[in-house]
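Undergrad: When you get a sec, could you give me coordinates for this:
(chains A and B)
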Number of protein chains: 2
Amino acid sequence: MNKHTVDPNMQHFTRKQALKPSTFLSPVPVVMVTCGSMEKPNIITLAWAGTVNSEPPMLSISVRKSRYSHSLIRERGTFGVNLVSQGLCWETDYCGVKSGRDVDKFKDTGLTCVASPELSIPMIAEAPVHLECKVREVLELGSHDLFIADIAGVQVAEALMDRKGAVDMRKADLVAYNHGEYYSLGKILGFFGYSIAGKDVLKRRKRTRLKEGS
Amino acid sequence: MNKHTVDPNMQHFTRKQALKPSTFLSPVPVVMVTCGSMEKPNIITLAWAGTVNSEPPMLSISVRKSRYSHSLIRERGTFGVNLVSQGLCWETDYCGVKSGRDVDKFKDTGLTCVASPELSIPMIAEAPVHLECKVREVLELGSHDLFIADIAGVQVAEALMDRKGAVDMRKADLVAYNHGEYYSLGKILGFFGYSIAGKDVLKRRKRTRLKEGS
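TA: The predicted structure is shown next:
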């Protein structure tokens, strides 16, 4: 490779101060997790969630033992992950601060509950992507239990697909969580592999971007 | 609460199609994980990473067994998480597509290697935040091994702190990963609890935002 130079602005960050250890990883996802039965469904918003395996596809969520949803997920062994679009940000926050013990979150938010096709999990119709999850293992870590789950079903909004069925997640306008605040995604900085891509690939990707108008 | 109505644009997403199960959770973090010794350090970029516990603070990373960094982390039982600012996006991509078996990533990227204060892990000086991690448990999930780790030390760039020592993560310009593309964070949509906040809190938050000029 040619000699690479780090952006000199990054020197700005080299002087550090030690802080008390805490959960500083950022940005993180924010998702609405659905659980319980179709008759008595609940929604809990979580940011402690992540992909943990590719083949087979698995994700994990961490839930405090004291939360109402904890026992629902523990008992049924299934939960739904509903990705969050900008238009669902208010509902997402509401489902993170209220408890299903006190309120009916579907009723309060006006969100529509639909049964998922594989595992009949209550899901949020308005969410752009549904992941049906089946718990494989639960680890007690301290304040939270870590639920490691297989992704048993995926449903994606047709509005995110082109004529050939390819999914364009940019159209989902997803929300990220950064240190207590919800953010839209901003500009695209690059694609996986762009640092070593040839000129032809870079040109083709740029053309696709322009055609899609973003 | 007052009657809430879901944004009617969200109806757009209700028609769904089932896809083959895959790792659809998004957006996810993207971090440069450092490992190995100070004499022979390595960097691996990961998006399968997340916070898994609050008290005590823990995070997890998933690494393919075949990756060079896998054995380094396994052997030493420690690794560093370096958060990624926009100005480090190229280096982040490069450290995700190249192997430490073939190249010296610190040398190729020009990034500066510094030893962390608690566990002497090689870290990236230019990253805005360092998390020193000590492996607690390793789970073999299939393609990836899940490393669950205690966050034993946190160092934050002084440039992110105000005079009172409060950290403003907005100044870190962090990068998110969404379905194969790197994104800047866009506009702030709300803060945790804003859906039920009183008028006084909303006003105060808005004023703080203006003062900080973002």
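Undergrad: Closest residue of chain A to chain B?
TA: In chain A, the residue that lies nearest chain B is A:Gly50 (2.8 Å; Cβ to the nearest Cβ). Where C-beta positions appear, they are placed from N, C-alpha and C, glycine not excepted.
Undergrad: Model confidence for that residue, exactly?
TA: Residue-level confidence at A:Gly50 comes out at 98, pLDDT.
Undergrad: Just the buried positions in stretch A:125-142, please.
TA: Buried residues in stretch A:125-142, counted by 16 or more other Cβ atoms under 10 Å in any protein chain shown: A:125-136, A:138-139, A:141-142.
Undergrad: Give the other helices and strands that the longest strand seen in chain A contacts.
TA: Across chain A, the longest stretch assigned as strand under DSSP state E is strand A:144-157. The contact analysis (3 or more Cβ pairs under 8 Å, 6 or more residues apart in numbering or on different chains; DSSP states H and E) places strand A:144-157 against strand A:58-64, helix A:68-76, strand A:129-140, strand B:16-19, strand B:49-53.
Undergrad: For B:Ile196, find the nearest of those.
TA: B:Ile196 lies closest to helix A:68-76 among these, at 16.9 Å (Cβ to Cβ).
Undergrad: Just checking: what are the partner strands of the helix or strand that the closest one is followed by?
TA: Per DSSP states H and E, helix A:68-76 leads on to strand A:78-83 as the next helix or strand towards the C-terminus. Here strand A:78-83 is paired, per DSSP bridges, with strand A:31-36 (antiparallel), strand A:129-140 (antiparallel).
Undergrad: Make TSV out of those and add distance to B:Pro8.
TA: What follows is the strands paired with strand A:78-83, written out as TSV (distance: least, Cβ to Cβ, whole Å):
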stretch	distance to B:Pro8
strand A:31-36	19
strand A:129-140	20
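Undergrad: okay if I get these as a markdown table plus mean pLDDT and distance to A:Phe106?
TA: Putting the strands paired with strand A:78-83 into a markdown table (pLDDT from 0 to 100; distance: least, Cβ to Cβ, whole Å) gives the following:
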| stretch | mean pLDDT | distance to A:Phe106 |
| --- | --- | --- |
| strand A:31-36 | 98 | 9 |
| strand A:129-140 | 98 | 15 |
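Undergrad: for chain A, which spans come out with low pLDDT?
TA: A:1-2, A:208-214 (pLDDT under 70).
Undergrad: One more pass at 50, please.
TA: Applying pLDDT under 50 to chain A flags the ranges A:213-214.
Undergrad: Give the bridge partners for the residue of chain A closest to chain B, please.
TA: A:Ser60.
Undergrad: can you tell me how far it sits from B:Gln155?
TA: 23 Å (Cβ to Cβ, to the nearest Å).
Undergrad: For these two, indicate the residue with more neighbours.
TA: When neighbours are counted by other Cβ atoms under 10 Å in any protein chain shown, A:Gly50 and B:Gln155 differ, and A:Gly50 comes out ahead with 28 against 23.
Undergrad: what's near enough to touch that one?
TA: Taking Cβ atoms under 8 Å, 6 or more residues apart in numbering or on different chains, we find A:Gly50 in contact with A:28-29, A:59-60, B:25, B:28-29, B:48-50, B:52, B:60.
Undergrad: what about A:Ser26, which SS state?
TA: coil (DSSP: H, G, I helix; E, B strand; the rest coil).
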